[in-house]
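> Here you go, sequence then predicted model.
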Amino acid sequence: MKPYHYLAPYYDYMLTHVDYTTWYHYLRMIMCTYINNPRTVLELGCGTGKFGPKFSKDDYEIYGMDKSLAMLRIAKLRAYKNYHVFCGDITHFALSKTIDFIFSVHDTFNYILNYDEFVHALRCVHSCMGSDSIFLFDLTTEYNIKKNFHNKLLTYHIKGTDIQWYNQYDAHSKILYSRLTFTTNKKKLVEEHLQRIYTVDEIVPLIVQCGLAIVDIVGDYTLKPPVAETIMVNFITKRAQR
């Protein structure tokens, strides 16, 4: 089954530890630091739509795109006022308007498994950016995967369902394989995820190749450069000047 199909109803319960409010304040701070009077926002890989209502409440026009219809069904319940959601693939999308601030977080771009598709995604982003737009995305690090996920089994019991989440990392292919098993008293369902781990040195040339310029590269949603123990690398980019 496609990623986030069976997982969707349990996703928010499994991530109750995530402080979305603090995360939102960081995203808004980056947006307002680099953009004069931003009005439109696009989230790529919006999932269940936790950020959308926060931007909407602060009077930004916010669009959330995700590939998973199951996740979007939940996000749609949060889509009110200035928050709109739609289905789309981050490697193949186009918009009829330019967006001031585009962001993609929670390792969404790690689901892109090769350079060609990564380039496609960056070019799609470039196509809906204006001269003053900013695009922020994150990538999880190999340090994080080896320390917190490789050969780890996480278990949950949510709404009468036992969930097992097993992760295995292949350092040669740089692929993280995740297997989620959902067991009730009636059936067992399995969902598999694949993610690719990239280094900063791999990604920088792809960013430049796609007509983007790097504004900054920081770690773990701070303003500090990444270090060896960084969990998430944050890339802040804009359209390159011709």
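Received, thanks.
> average pLDDT for the helix ranked longest in the chain?
Identified as the longest helix of the chain according to DSSP state H is helix 20-34. For helix 20-34, the mean pLDDT works out to 98.
> ditto for stretch 191-202
pLDDT averaged over stretch 191-202 gives 98.
> so how far is that stretch from its chain's centroid?
Computed by Cα atoms, centre = their mean, to the nearest Å, the separation of stretch 191-202 from the middle of its chain amounts to 12 Å.
> which residues of the chain fall in helices?
8-14, 20-34, 52-57, 69-77, 115-127, 142-148, 200-209.
> Quick one: residues in contact with the longest one.
If I follow you right, that is helix 20-34. Applying Cβ atoms under 8 Å, 6 or more residues apart in numbering, the contact partners of helix 20-34 are 38, 41, 50-51, 54-55, 58, 100-101, 103, 105, 134, 136, 215, 221, 236, 238. All C-beta atoms are positioned from the backbone trio N, CA, C, and that covers glycine.
> Check stretch 73-84 too.
Here stretch 73-84 makes contact (Cβ under 8 Å, 6+ apart) with 8-9, 11-12, 46-50, 52-53, 55-57, 59-64, 66, 85.
> mind redoing it with 10 Å?
8-9, 11-12, 39-43, 46-66, 68-69, 72, 85-86 (Cβ atoms under 10 Å, 6 or more residues apart in numbering).
> Let me see the domain layout of this protein.
8-140+198-239, 143-196 (automatic domain parsing).
> List the buried residues of stretch 186-198.
For stretch 186-198, the neighbour count (16 or more other Cβ atoms under 10 Å) marks 191, 193, 195, 196, 197, 198 as buried.
> okay if I get these as a markdown table plus distance to residue 31?
Output for those, formatted as a markdown table (distance: Cβ to Cβ, whole Å):
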| residue | distance to residue 31 |
| --- | --- |
| 191 | 33 |
| 193 | 29 |
| 195 | 26 |
| 196 | 27 |
| 197 | 27 |
| 198 | 24 |
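> and of those, the nearest to residue 163?
The shortest approach to residue 163 among the buried residues of stretch 186-198 belongs to residue 191, at 10.1 Å (Cβ to Cβ).
> contacting residues for that closest one?
1-8, 165, 178-182.
> hmm, which of the contacts of helix 20-34 are the buried ones?
38, 41, 50-51, 54-55, 100-101, 103, 105, 134, 136, 215, 221, 236, 238.
> most packed of the helices of the chain?
Greatest average neighbour count among these goes to helix 52-57 (a mean of 21), per mean count of other Cβ atoms under 10 Å.
> other SSEs contacting it?
Contacts defined by 3 or more Cβ pairs under 10 Å, 6 or more residues apart in numbering; DSSP states H and E place helix 52-57 against helix 20-34, strand 40-44, strand 61-66, strand 83-87.
> Just the residues contacting that helix, thanks.
With Cβ under 10 Å, 6+ apart, helix 52-57 has contacts from 20-21, 23-25, 27-28, 31, 38, 40-41, 43, 46, 49, 60-64, 75, 78-85, 101, 103.
> tell me how far stretch 190-199 is from the chain's mean position?
13 Å.
> And for stretch 205-219?
Worked out by Cα atoms, centre = their mean, stretch 205-219 lies 17 Å from the chain centre.
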